[in-house]
Structure formats: structure tokens, C-alpha cells
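A.B. asks: model the structure of this input:
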Amino acid sequence: MNPMASRTQKRTRRAVRKAGREAKDAVSNPILEFGERYGYVVRGFLYGAMGVIALLLALGRVSHAADQKGALHYFVNNSLGSLILGLVAVGLVPYSVWGFVRAVYDPLGRGKEPPALVARLGFLWSGLAYAALLLAVVQVLLGARDALEHDSVEGIVGRVLAEPMGRVATGVAGVVAIAAGLGQFVDAWRAGFARDLKKGAMTKEEYATAIFLGRMGMVSRGVIFTMTGWFILSAAWLDEPSRARGFGAAFDALLKEPFGHFLVFLVGLGLMALAVHSFAYARWVRTLSEKPRRK
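C.D. replies: Sure, this is the predicted structure:
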């Protein structure tokens, strides 16, 4: 190899490593880590709101369920709506960043094996999804009152299907979503998320409760993820964007099944359990500056 080219490559590698270290230092500062924990509080609030709406749907008190965006719509016309949405937006900023941090720097110790890489891609998707939700909340705060009303899944799928190879891309997205839903069931069984918690800082009862609630929440999230993935896959198969629906439509579909109200009630309880589990994460999750616990 040309000596000059070799020196250039070495300088480039050093520059990349230095940039990586500086970026890691930037996202592991105490202020951002506090924001990441507050982000889990916001996530808990969102899943808790979804859970409450699902319970009310099962009891016949509301006409339809909602995803996270739809759940926030219930607060738009509240006297404290702007304050609530503002507090949510403040939490969504660092939580979205936390999704990218988990994907790139792996502070939760998922590793580099294929299943781990899939999980880290899920974290990347989380960062993108919460960034999109943040955008919708900001639009409402700036006066676009209908930004939370539309089913974002249907809109996104409609735009993708209109592109060349759109059906293929949508079909792949549907399969990935179904796989992610099935993965939630596996995670509930194995409780792999337990390694994310600082067990030594928790009492035995706190740890056991967090694991139990996490398992309940993963099962409920697995149900709605899998159904949403099926909706997306159906939209690709039939080339009909209207078949791609979000979490709210999953609840509506469950209602049509035998014992549907009971099923929706159970899923709603699971989402509320996931909310409390998120609050536990807010306090005890491992961040970038803390060494992950191995298996």
C-alpha cells in the first residue's frame, strides 16, 4: 500500500474514533441522562393513557380506542392541555435521543449477535417513532389542532404504496412489525429486559414487581404490535392503504372477536402494567455511563 495512503487511512480512523468518543461523551452527560429517565415517565404516561382508554372501551364508556397520538388528543381541549402537551414534548426529546443512543452505543448490553442487532434496530425505530410523535405534539402546540387526529400508520403506508416498489417495502414493514410483536412475547417469557435494571439498587420486592409488570406489558404490546403488522401486511397484499391501521384499530378488531370486551380489558390492564414498568425504568434503568449487567 502507498505509505501516504496508509497514513491517510490511519488519520481517518483516529478522527472517526475521536468523533465517536466525543459523541458518546455528549450523550452521556448527566443532564441528558436525567432527560432520558424523564422520557420513561412520559412513555409511562402515554401507555397508561392508552390503557385507561382501552379499559373504558371494554366497559362501553368510549366508542373507540387510541394509539399514543390518539391518547394525547383527549388532552387537546382540556384546560391544562397545553401544559400537559408541553411536558410530554419536553420528555419526548431526550427519549427519542435515547432510542438512537441504545441503537448505536448499546448501553443496555444487547450485544452484536443477530437477535441483538434486531433489538437495536427496534431501538432505532423507537427513536424515529417518538421523534414523529414529538413533531405532531409541537404542531398542536403551534396551533395545528388536528395534528393528533389522523391515523399516522395509514397515512405513511399510503405514501409508501404510491412509490415504485412501495408494495414490497410495505410488505417488508408488515413482516418486521409482526416479528417485533412476536418478539414481545419472547421477551415476556424470557424477561431479557431484566438486565436493563440496576438490580442491586432495588429491593427484592421492587425487582420482582418490575419484572412481573414488564411481562404483562410485553404481552399486551405483543398483541397490538402483531395485529398492527398484520394490518400493514394486508395493505401491501391488497394494495389498499386503508387496511393499514394503528393500535386503535387493533383494539376495535379485538372487540369483534368472541369475548372481545374481556380481551380488550386484559390488554388494557397490560398497558397500564407497562406504564408502571416504565416508571420503574425511569428510576432504575441503566444509562450510557453505567456498565450493563451481563447474563
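A.B. asks: between the two ends of stretch 144-155, what distance do you get?
C.D. replies: Stretch 144-155 has an end-to-end distance of 17 Å (C-alpha to C-alpha, to the nearest Å).
A.B. asks: which residue is nearest the middle of this structure?
C.D. replies: Closest residue to the average C-alpha location of the chain: residue 126 at 4.3 Å, with C-alpha atoms, centre = their mean.
A.B. asks: setting the sequence-adjacent residues aside, check what's closest to it.
C.D. replies: Nearest non-adjacent residue to residue 126, counting by C-beta to C-beta, 6 or more residues apart in numbering: residue 99, 3.9 Å away. Every C-beta, even on glycine, is put in place using the N, C-alpha and C of the backbone.
A.B. asks: sorry, back to before: give me the element the residue nearest to the centre of the chain is part of.
C.D. replies: If you go by DSSP states H and E, residue 126 is part of helix 114-141.
A.B. asks: by contact count, what packs against that helix?
C.D. replies: Contact analysis of helix 114-141 by 3 or more C-beta pairs under 8 Å, 6 or more residues apart in numbering; DSSP states H and E lists helix 68-73, helix 81-105, helix 166-190 as its packing neighbours.
A.B. asks: hey, which of these is tucked in deepest?
C.D. replies: Scoring the helices and strands packed on helix 114-141 by mean neighbour count under mean count of other C-beta atoms under 10 Å gives helix 68-73 as the most buried, with a mean of 22.
A.B. asks: that one - what's its average pLDDT?
C.D. replies: The average pLDDT within helix 68-73 is 80.
A.B. asks: where does the stretch 51-200 of the chain dip in pLDDT?
C.D. replies: Scanning the stretch 51-200 of the chain for pLDDT under 70 picks out 145, 147, 149-152.
A.B. asks: how close does the closest residue in space to residue 73 that isn't next to it in sequence sit to residue 46?
C.D. replies: The spatially closest residue to residue 73, leaving aside those adjacent along the chain, is residue 148, at 4.2 Å (C-beta to C-beta, 6+ apart). Distance check for residue 148 against residue 46: by C-beta to C-beta, to the nearest Å, it reads 12 Å.
A.B. asks: what touches both of those two?
C.D. replies: Each of residue 72 lies in contact with both residue 148 and residue 46 under the rule C-beta atoms under 8 Å, 6 or more residues apart in numbering.
A.B. asks: for the spatially closest residue to residue 84 that is not a sequence neighbour, helix, strand, or coil?
C.D. replies: The shortest distance from residue 84 to any non-neighbouring residue, by C-beta to C-beta, 6+ apart, is to residue 75 (4.8 Å). With DSSP: H, G, I helix; E, B strand; the rest coil as the basis, residue 75 sits in coil.
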